[in-house]
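Q: please work out how this folds:
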Amino acid sequence: MIPYMFNSNTMKSVQYVIAVFAAYSTSVVLLADDSAKIVFDVPYGNESVQLLDVYQPLQNARRTAVVVMHGGGFIKGDKREERQVIAAKFFVSYGFPTVSVNYHLSDTKDEAWENLRVPLGDVATAIRTLLAGKIDGVSEVDRVVLVGFSAGGTLAAFLSLPACFETFGLPESKELKIAAAINFYGTTDRLYLAQKNGFTSGQHIQKWKDTSAVTWVSENSNPILTIHGTLDVHSYYRQAQRFDEKVNGAGGKHILKVLRKAPHGFQVGDSVWEEFDLEKVTVKFLEEHLIDEPPITGGTDK
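A: Take a look at the predicted model:
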């Protein structure tokens with residue numbers, strides 16, 4: 001593996017991409033090193049919100065695509081935020097065709113969880129459209145890896161748990177061809193969080209359980225890597241530990257990377273990423289679960 005080396009030149013490239021995002025609603029640009037092209041605002045469905053951005057390697061593209069999902073508590077967030085741009089650029093630098101997806105948002109957090117099936121359905125639609133070869137600018141791919149931050153991490157976890165698909169109106173899991181998922185500090189146990197905040201009984205308990213990924217764990221779960229900081233006050237890391245225990249106890253495959261004194265919201269290339277060598281953690285996980293892929297080497301300074 002050749003280190004990614006998120007340095008000042010990389011940041012300038014990311015800032016350039018963000019500036020282009022701001023200037024054009026729909027466009028195509030090349031990354032500064034000409035290693036990949038970016039196609040903005042490609043439809044993946046029939047609704048106006050169902051748009052994604054494509055990051056396509058120009059040479060030696062892999063047949064596994066990465067699907068990036070933004071955070072924001074299901075009430076805000078966008079694929080064009082810096083965190084998603086940097087993450088997409090990281091994965092495309094390793095040869096993965098990458099798409100960063102927007103999905104339906106809600107007005108309030110309570111409404112968001114009530115309507116969880118809607119963003120789940122959006123991402124499932126994006127995956128099916130991608131696998132069908134109907135996303136402009138993406139090379140042919142056979143399967144996907146999900147990568148989500150915060151609320152996006154929650155979506156990644158749910159979509160890795162086939163036991164929940166019927167309840168949430170999702171297609172059969174075999175249609176989505178999800179090879180693995182990486183959950184950056186997404187909530188997976190709402191009931192635990194509710195109890196930690198003093199809600200121990202009441203009419204909402206069943207709803208909290210139903211909208212907790214931990215409820216839907218089975219031995220058929222897809223491999224998941226969860227990366228979570230101990231100072232996360234939005235989605236306490238203990239619920240990530242409970243999820244880890246439940247998945248592995250059921251015979252599934254889950255790896256939990258706990259980051260001591262790390263907060264919510266860290267991203268690719270920042271001080272937390274470097275301190276805990278999360279590039280190595282991420283690439284190792286992908287190598288273990290994409291064993292028929294060419295060696296995972298690359299990075300922007302290859």
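
Q: check which helix or strand covers Gly77.
A: Assigned by DSSP states H and E, Gly77 belongs to neither a helix nor a strand.

Q: give me the pLDDT for it.
A: With respect to pLDDT, Gly77 scores 98.

Q: how about the nearest residue to it, chain neighbours excluded?
A: Taking C-beta to C-beta, 6 or more residues apart in numbering as the measure, Gly77 lies nearest to His70, with 4.1 Å between them; neighbours along the chain are not counted. C-beta coordinates here come from the backbone N, C-alpha and C atoms, glycine included.

Q: if I look at that neighbour, how far off is Lys79?
A: Separation of His70 from Lys79 (C-beta to C-beta, to the nearest Å): 6 Å.

Q: please apply the same query to Val233.
A: Using C-beta to C-beta, one obtains 26 Å as the distance from Val233 to Lys79.

Q: quick one on the thing from earlier: find residues that contact each of His70 and Lys79.
A: Ser100, Val101, Asn102 (C-beta atoms under 8 Å, 6 or more residues apart in numbering).

Q: partners of Ile255 in the sheet?
A: When bridges are called by DSSP bridges, Ile255 pairs up with Leu225.

Q: coming back round to it: which of Val233 and Lys79 has more neighbours?
A: Using other C-beta atoms under 10 Å as the criterion, Val233 and Lys79 rank with Lys79 on top: 23 against 8.

Q: which non-adjacent residue is nearest that one?
A: Ser100 (4.0 Å).

Q: Three-state assignment for the one you found, please.
A: strand (DSSP: H, G, I helix; E, B strand; the rest coil).

Q: that one: what's it in contact with?
A: Residues in contact with Ser100, defined by C-beta under 8 Å, 6+ apart, are Leu52, Asp53, Tyr55, Val68, Met69, His70, Lys79, Gln84, Val85, Ala87, Ala88.

Q: can you tell me which of those residues lies closest to Trp273?
A: Taking C-beta to C-beta as the measure, Ala87 is the one of these closest to Trp273, at 10.3 Å.

Q: my read: the closest one touches Asp270, true?
A: No - counting by C-beta atoms under 8 Å, no contact exists between Ala87 and Asp270, whose distance comes to 11.4 Å.

Q: measure Phe276 to Gln241 for me?
A: Distance from Phe276 to Gln241, counting by C-beta to C-beta: 17 Å.

Q: list the buried ones in the helix or strand Leu286 falls within?
A: Under the criterion of DSSP H and E, Leu286 resides in helix 278-289. When burial is assessed from 16 or more other C-beta atoms under 10 Å, helix 278-289 yields the following buried residues: Leu278, Glu279, Val281, Thr282, Val283, Phe285, Leu286, His289.

Q: just the strands from the stretch 1-150 of the chain, written as ranges.
A: Listed from the start of the chain, the stretch 1-150 of the chain has strands (DSSP state E, counting those that start in this stretch) covering 28-30, 36-43, 51-57, 64-69, 98-101, 143-149.

Q: right, I'll call it a day here.
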